[in-house]
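[1] one predicted model, sequence on top.
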There are 2 protein chains.
Amino acid sequence: MWGVELQRQSEVSLKRQIYRMLRDRILNGKLPAGEALPSTRELAEALKVSRNTVNEAYEMLIVEGFVLSRQGAPTRVAEGLRLEKIAEPALQKEEVPAPAFRADFRTGQPDLQHFPRYQWQQILQKTFKEMPSTEFGYSGPQGLPRLREEIAAWLYRSKGLAVDARDIFITAGATQALHLVAGLLHKEGKKILIEDPCNIGILQTFLHKGYPIAPIPVDEQGLRTEYLNGKEACAVYVTPSHQFPLGGILPAGRRAALIRFARENGLYIMEDDYDSEFRYYGDPVAPLYAMDPGRVIYVGTFSKVLFPALRIGYVILPGALHERWRSLRTYTDVQNPPFEQAALAEFLHTRKLDRHIGKMKKVYGERRQVLLSTLKEYFGDAWSLWGDAAGLHLAIAFPGLRFDDAFMIGSRQNGIRVTPVDHHSIRKGEHANKLLLGYGHLKPDEIRKGIALLHRFMNYKNE
Amino acid sequence: MWGVELQRQSEVSLKRQIYRMLRDRILNGKLPAGEALPSTRELAEALKVSRNTVNEAYEMLIVEGFVLSRQGAPTRVAEGLRLEKIAEPALQKEEVPAPAFRADFRTGQPDLQHFPRYQWQQILQKTFKEMPSTEFGYSGPQGLPRLREEIAAWLYRSKGLAVDARDIFITAGATQALHLVAGLLHKEGKKILIEDPCNIGILQTFLHKGYPIAPIPVDEQGLRTEYLNGKEACAVYVTPSHQFPLGGILPAGRRAALIRFARENGLYIMEDDYDSEFRYYGDPVAPLYAMDPGRVIYVGTFSKVLFPALRIGYVILPGALHERWRSLRTYTDVQNPPFEQAALAEFLHTRKLDRHIGKMKKVYGERRQVLLSTLKEYFGDAWSLWGDAAGLHLAIAFPGLRFDDAFMIGSRQNGIRVTPVDHHSIRKGEHANKLLLGYGHLKPDEIRKGIALLHRFMNYKNE
């Protein structure tokens, strides 16, 4: 009758195997409504298991309402349980693995080899051991107070920025910070004004929330503030310290104009400071935030100065937004895990971050020089450099050439990952002659080999 | 002229102090547009610093566009930089500290003392050491493959659930999972159908996304599926294994009806399985997911079986939703940190989770018994128990009494944290005679003391 072989070596218990067999037959109609199950003795004998095992399987079916049991009567299948079997359509489920590139000039990728992994491990261990057991529960949507205090102290000593630790809110990286800030600032029918070109990922973050955006053009100095006037907006997104991707430093005059625009229109400015720690001549540029902490929401991240997997960023919020932020974060994903927060606090406290940044500025600065001189060697004077000497990528223009998504795809097919600026443009065309070359993660040799490949590919293309 | 004292012991460099002093005077108009800065020699003498320090400060002002410098001419303040000083309104910025309770029956709080912290630390250390350096970068929105495989294996051995690891997506906890799933399923003008009462936090998660919801009544068996018919909906949210808060196990007949409703209306079911691992008599209830993996999105979490600070949950998604999920997660917060993921994978692989759950079922089961007998001792037969013997809280009814938010506030003022079921109700009133008592985190003594306090308070209230 049962024609079923129980798997005696399986990790699934025998009672659960019997339960599943019966449940499946009930659902597919082989055991119809009202049908009596065999007695436990009978089924135990047929399946060669103990009667107790069958009893437990029946108990599971009873608890979940698949069968009804009445004292003295046989256990019968409940009504209305038959479900058509629907096969899930076969789909390609694999994540497409990233192809291997012979030249990988992707942007936003810090070096992962120079990170003091052993030091971090020691700190992680120490802070884990010392963590109060309450922090294994829910420790609140704002982030650990000791991390917020260490970030405030670090911003003061590294950028001269005076920030109250109570205005700092820890996030799971800059993307989440902007995702949440956009949620706080969104007003029905009003747009988010955004630099064009801008990081396409950030643009997607706003678009995924369904918020309307309007592009504001960017030139070699950053956002062209004269285009702000008259716009009905709820927020402005800017990268004033090092415009992504073109590299400009927003000059004081435009900063003042931007703040006046925000004040006059009662809106907030999102300042995304994604990599200004790495400036190769002179000190880091002062954040826009310093000019008006009541109107500017500063977004910082440790993905570039440490490593992306840390998933720690932060926002500095005006007091008027604190309560709504706490509520929004709580109902979005509650809080960051405390372990990385505690380790980062200690890493900051012991000035290891300052030393790491100092070291990486040298490493990245040298790579930048290698990239510049190799470009000169291969492309002569056919190109020109855009933007400030900062960050982990170059923006370069080749007057007369045009790079588009087709160029990007073609280069990829040749094993070269390189991004046209237009990939990050909202209105395509204006910056079509510019390319982005990320170099932070590349060794000098890889840079030289990569540019040689790019040169060969571009010559081939232009023939 | 300058009347300024430089802080020679400060962590802020002298050049940055000079830069800030000049910048502030430019912004507040004390140094108006066109005004010439003193020569570097002059200012260096006045401030008793090296000329080079002043030079560097001027360089910062030039780079940021506060002043304009021309060869042979004095450095002058740029145009249009004056900004009115706006003081931020003084606000209460402190997070209100949670009051200390003499009796704390909050729900959803696992025990944090019995967690094998030392074991976890060893595993964290081992997996950190072994982690490939690529995982310090971006490792993808779906989560580490080895964790997904371990979760699939654990679901199979513990719940008999056969799941393809490629259908599992790691999240930063169940709240984030539901936040993202709601985003995937939302359709303009259609409602999310939700159990009433339900976890108020989950309700808030949907409401914070701006999605319309409609309550479906719950009885002692869970969702009353007869109320589904005719509803224009995009999704249904249910807790079929252990309804929150009332504790019912959704019977097979209603499960089949729910799945038929989803199929006929082309919508998905969100199954929130928040604590079914802890069932004190018999095996865990089988997930609804087993009945139709194409229509049910299963949401699981490790916050209750391990500890909330882990911030790891997961969803099991039909293939049709994979691509959109990856995109949504990428543009929401990119990914989970890999460190906790790797440790959890190892904790699962070595069966430590199975053992921990076995141990905690005993601990929690005993606490549940203590709570039941203490209730009996103090309240006699004035109350009755609702729901299955599972999870970390009791729902009890006191026929004839009414508990509302005022009762909750009053009890809190008396040092007792206890939640009326109505706190979680969308339409108030129907379950006004029921209370929730979380016991997972309480030692037997704390339970006895807490019930004594509650009894005294309730008698006082009723006098």
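    Looks like it arrived, so ask away.

[2] the stretch 151-300 of chain A: helices as residue ranges?
    In the stretch 151-300 of chain A, helices defined by DSSP state H, counting those that start in this stretch lie at A:174-185, A:200-208, A:252-265, listed in chain order.

[3] ok, and which of the ones you listed has the densest surroundings?
    Ranked by mean neighbour count, the helices of the stretch 151-300 of chain A are led by helix A:174-185 with a mean of 24 (mean count of other Cβ atoms under 10 Å in any protein chain shown). C-betas here are computed from N, CA, C, even on glycine.

[4] so what does it touch, helix or strand wise?
    Packed against helix A:174-185, as judged by 3 or more Cβ pairs under 8 Å, 6 or more residues apart in numbering or on different chains; DSSP states H and E, are the following elements: helix A:200-208, strand A:233-238, strand A:268-273, strand A:296-301, strand A:313-316, helix A:322-330.

[5] ok, and what's touching it?
    A:171, A:192, A:201-202, A:205-206, A:209, A:211, A:234-235, A:237, A:267-268, A:270, A:272, A:274, A:297, A:299-301, A:303, A:313-315, A:321, A:324-325, A:328-329, A:332-333, B:208, B:331-334 (Cβ atoms under 8 Å, 6 or more residues apart in numbering or on different chains).

[6] isn't residue A:129 right up against residue B:121?
    Yes: counting by Cβ atoms under 8 Å, residue A:129 touches residue B:121, with 6.9 Å between them.

[7] neighbour count winner among these two?
    Using other Cβ atoms under 10 Å in any protein chain shown as the criterion, residue A:129 and residue B:121 rank with residue B:121 on top: 16 against 10.

[8] model confidence for the closest residue to residue A:79 other than its chain neighbours, exactly?
    Beyond its immediate neighbours in the sequence, the residue positioned closest to residue A:79 (Cβ to Cβ, 6 or more residues apart in numbering or on different chains) is residue A:33, lying 4.7 Å away. We have a pLDDT of 94 for residue A:33.

[9] thinking again about what came up before, just the buried ones from the contacts of helix A:174-185?
    Among those, the ones that count as buried by 16 or more other Cβ atoms under 10 Å in any protein chain shown are A:171, A:192, A:201-202, A:205-206, A:209, A:211, A:234-235, A:237, A:267-268, A:270, A:272, A:274, A:297, A:299-301, A:303, A:313-315, A:321, A:325, A:328-329, A:332-333, B:208, B:331-334.

[10] could you dump the helices of the stretch 151-300 of chain A to JSON lines with mean pLDDT and distance to residue B:80?
    Conversion of the helices of the stretch 151-300 of chain A to JSON lines gives the following (pLDDT from 0 to 100; distance: least, Cβ to Cβ, whole Å):
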{"stretch": "helix A:174-185", "mean pLDDT": "97", "distance to residue B:80": "26"}
{"stretch": "helix A:200-208", "mean pLDDT": "96", "distance to residue B:80": "28"}
{"stretch": "helix A:252-265", "mean pLDDT": "96", "distance to residue B:80": "5"}
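
[11] I'd like to know which of those helices is closest to residue B:217.
    Shortest distance between residue B:217 and the helices of the stretch 151-300 of chain A, using Cβ to Cβ, is found for helix A:174-185: 31.3 Å.

[12] now the angle from that closest one to strand A:296-301?
    Interaxial angle of helix A:174-185 relative to strand A:296-301 (axes from the mean of the first three to the mean of the last three Cα atoms, to 10 degrees): 160 degrees.

[13] tally up the residues packed near the closest residue to residue A:379 other than its chain neighbours, please.
    Closest residue to residue A:379 apart from its sequence neighbours, by Cβ to Cβ, 6+ apart: residue A:455 at 6.6 Å. Other residues within reach of residue A:455 by the criterion other Cβ under 10 Å amount to 15.
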